[in-house]
Structures are given as structure tokens and as C-alpha cells.
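S.K.: Next comes the sequence, and after it the predicted model I'd like to discuss.
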Amino acid sequence: MKRCVVIGAVELDFPAENLIRDTDFVICADKGWLNAKKHGIKPDMIVGDFDSSPYPENTDAEITVLPVVKDDTDTFHIAKYVVENGFTDVLLLGLIGGKRIEHTIANIQTLVFFARNRVNATAMDRYSTLMVIKDGSITLPDMPDKFFSLFSMGEKAEGVSIKGAKYPLSDYTLTNSFPIGISNEFIGENVDITVKSGSILLIVTQKD
């Protein structure tokens, strides 16, 4: 199955075009089509209500126009399309950071939606990489120039363990009211992260 790449409106202040594979199916969310154009990325589909951007012109992409008044954000509408069409991997660019913090939070919640539907989803900006782990585990390679942080995406996430990092945890209950999982460090080996029950947000961030 092709990987899906979703491009949003947050400025891509890094060479995002280098992350796109020839086999990727690229969907732009509303104003994201201008981001794609700026970076020479050709979208396969453009979805939005176009209340904050001009209607796309001179494109071969399939265009879906959504109503301005709706329950789903443009990005969440795309997320449903991704799940319904069987994509197993998705990369989100231009969808975190920027001036609209509420959209960043909405797109983090969309990562939870992907995790619940067993889609491997990653959101990236210039400094950070975000993903949600649900009832599972992940192994990170040593990244001495970065921090990583964990946050519970529900009231609690049970059985959280961290091995191979400066601050380990063992079968810990992570809650959404105590940020104990912030700014952990790599120590020269692989880091194993496990959550037995619940969803946790993993953020890998560049050090200053």
C-alpha cells in the first residue's frame, strides 16, 4: 500500500520535498496546496473549504470542496479518507506549529484517531516529530542531539515502560495531569518504549 502524505498550511521552513517518495499519495489540506506548490510537490488530491486560501488553479489534482460549516476539520476529513481507503502509513507535514495552536491540538488528536485505527502516523515540523503509541511499543535509535517526551492522551495510560534512556520507567501509570515524561535523554543505546493499555503521545525534539 502506498504511503499517504498530508500537507497542511503551516509554513514548511525545511526541505519537506526531500521527504516525499515517488510512490507517495499526496493530499493537501486547504491552503496546504500553496505549501506544496512552493516546495515543488505535486498533490494527487486537494481537500478543503478554501475559506482561507484561493481555489487551486492549474493543477491535475482531484479537488474536493467541503462546506465551511461542518463538524470535521479539513484535516480530519482527510484522516477519515486515509483510514477508509486502507492506507497503513501517513506522514503529516505543515500541520503542527505556526500561529494556530488550536489546529495543532486538533491534529494531535487526529494522531490518536489514526492510532486507534491502526494507521502508523507521524507529524513533523522543523524541530519535532510526533506520533501516538496505543497498546503497543516502539524502539528508537540513539539520537544524542535530541530529547524525547511522553504524554498520556487519555486520563491515564497504564503499564508505561522506558528502557535504555537516562530516565527509565517500569510499568508506570502515566496520567494527563502530571508531565513526568518530559525531556528524557538518549544515552548511547536504543530506547524501548511500551504502553500496555492506553495511548501516549511521543515527541522527539531537537536540542538547542
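M.R.: Looks like it came in fine. Just so it is clear, the structure is predicted and the values come from calculations on it, not from any experiment.
S.K.: Buried ones in the longest helix along the chain, by neighbour count?
M.R.: When the chain is parsed with DSSP state H, its longest helix is helix 101-116. Within helix 101-116, the residues that count as buried by 16 or more other CB atoms under 10 Å are 103-104, 107-108, 110-115. Where you see a C-beta, it was placed from the backbone N, CA and C, and this is true even at glycine.
S.K.: now stretch 9-20
M.R.: Along stretch 9-20, the positions that meet the burial threshold by neighbour count (16+ other CB under 10 Å) are 9-10, 12, 16, 20.
S.K.: From the chain's centroid, how far away is that stretch?
M.R.: With CA atoms, centre = their mean, to the nearest Å as the basis, stretch 9-20 stands 14 Å off its chain's centre.
S.K.: what residues does that stretch touch?
M.R.: Residues external to stretch 9-20 that are found in contact with it (CB atoms under 8 Å, 6 or more residues apart in numbering): 5, 7, 26, 29-32, 34-35, 38-41, 52-53, 91, 93-98, 100, 103, 124-126.
S.K.: Buried subset of those residues, written for PyMOL?
M.R.: Restricted to buried positions by 16+ other CB under 10 Å, the PyMOL selection for these reads:
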select buried, resi 5+7+26+29+30+31+32+34+35+39+41+53+91+93+94+95+96+97+103+124+125
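S.K.: Could you find the closest non-adjacent residue to the residue nearest the centre of the chain?
M.R.: Most central in the chain under CA atoms, centre = their mean is A123, positioned 2.4 Å from the mean C-alpha point. Taking CB to CB, 6 or more residues apart in numbering as the measure, A123 lies nearest to L92, with 4.0 Å between them; neighbours along the chain are not counted.
S.K.: taking the mean pLDDT, what do you get for stretch 147-160?
M.R.: Across stretch 147-160, pLDDT averages out at 97.
S.K.: so is A79 in a helix, a strand, or just coil?
M.R.: Under DSSP: H, G, I helix; E, B strand; the rest coil, A79 falls in the helix class.
S.K.: quick one, phi psi at the residue in the chain sticking out farthest from the centre?
M.R.: For the chain, the C-alpha lying farthest from the average C-alpha position belongs to N58; by CA atoms, centre = their mean, that distance is 28.8 Å. The phi/psi pair for N58 (degrees, to the nearest 10) reads phi 50, psi 50.
S.K.: quick one: pLDDT of it?
M.R.: Per-residue confidence for N58 comes out at a pLDDT of 86.
S.K.: And T73, by the same measure?
M.R.: Reading off the confidence values, T73 has pLDDT 90.
S.K.: do K70 as well
M.R.: K70 is assigned a pLDDT of 85 by the prediction.
S.K.: Double-check it against D51; I have them as touching.
M.R.: No. Using CB atoms under 8 Å, K70 and D51 do not qualify as a contacting pair, with a distance of 10.9 Å.
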